[in-house]
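J.: sequence and predicted structure, then a few things I'm wondering about:
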Amino acid sequence: MGRSAIPATIDLVTPDWLTSVLRESGTIPASVSVVSATARQVGVGVGIMGTIHKVALGYSSAVAGAPESVVVKQAATAEANREQGVQLGLYVAEVRFYRELASKTTLRVPRCYHADLDEDMNFVIVMEDLSALENLDQDRKSTRLNSSHV
């Protein structure tokens, strides 16, 4: 993945930055630009080691296969959480997973458009938005499995 500057906050994830990332990943051609990027934080209270935003995208022209939205993951904004993420190596591990291992696993993982980390432990991952997929109800599923064995 390329070395576009790493935005430390969601406010720095601009249409120009996303254009660069999506072009570098081969997702959009050089003739197309991201003209709008509207971020909405998701996973509040769930992900304490990072921040996650769903970013709706608008383009200068239609592109077959270009995502309507992406998920952007960044370091936690709370300093104590960020420090713990750094100390545990979580940011390094996640960036390395998407750069080195995701393509080798047989599991379905989101397509990664960009994953990078700098020496200050600012990290950013731009990935496929899978929010339209159905989540498995783990409690109900395990209940069905348990009741069938009684």
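T.: Great, that's in hand.
J.: all strands of this structure, in order?
T.: According to DSSP state E, the chain carries its strands in the segments 34-42, 50-59, 69-75, 112-117, 123-128.
J.: I'd like those laid out as CSV, including mean pLDDT, mean neighbour count and distance to L12.
T.: In short, each C-beta sits where N, CA and C put it, glycine included. Putting those into CSV (pLDDT from 0 to 100; neighbours: other CB atoms under 10 Å; distance: least, CB to CB, whole Å) gives the following:
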stretch, mean pLDDT, mean neighbour count, distance to L12
strand 34-42, 96, 15, 11
strand 50-59, 96, 18, 12
strand 69-75, 96, 23, 9
strand 112-117, 96, 21, 13
strand 123-128, 96, 23, 9
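J.: what would these look like in a markdown table with distance to E24?
T.: As requested, those are arranged in a markdown table below (distance: least, CB to CB, whole Å):
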| stretch | distance to E24 |
| --- | --- |
| strand 34-42 | 13 |
| strand 50-59 | 15 |
| strand 69-75 | 14 |
| strand 112-117 | 7 |
| strand 123-128 | 10 |
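J.: of all the ones you listed, which one is nearest K104?
T.: Closest approach to K104 among these (CB to CB): strand 112-117, 12.7 Å.
J.: gap between the closest one and the chain center?
T.: Put simply, strand 112-117 sits 8 Å off its chain's centre (CA atoms, centre = their mean, to the nearest Å).
J.: same thing with stretch 103-120?
T.: 8 Å.
J.: CA atoms of that stretch as CSV?
T.: The C-alpha trace of stretch 103-120 is given here as CSV (Å, rounded to 0.1, in the frame of the first residue of the first chain):
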residue,chain,number,x,y,z
SER,A,103,-5.0,-12.0,1.4
LYS,A,104,-3.7,-15.3,2.6
THR,A,105,-6.6,-16.3,4.8
THR,A,106,-9.6,-18.3,3.7
LEU,A,107,-11.9,-16.3,5.9
ARG,A,108,-14.0,-13.5,4.5
VAL,A,109,-12.4,-10.2,5.6
PRO,A,110,-13.2,-6.7,4.4
ARG,A,111,-11.3,-5.6,1.4
CYS,A,112,-8.6,-3.2,2.6
TYR,A,113,-8.0,-0.2,0.5
HIS,A,114,-5.3,1.3,2.7
ALA,A,115,-3.5,0.4,5.9
ASP,A,116,-0.7,2.4,7.3
LEU,A,117,1.1,3.3,10.6
ASP,A,118,3.7,6.0,11.3
GLU,A,119,6.4,6.3,13.9
ASP,A,120,4.0,8.3,16.2
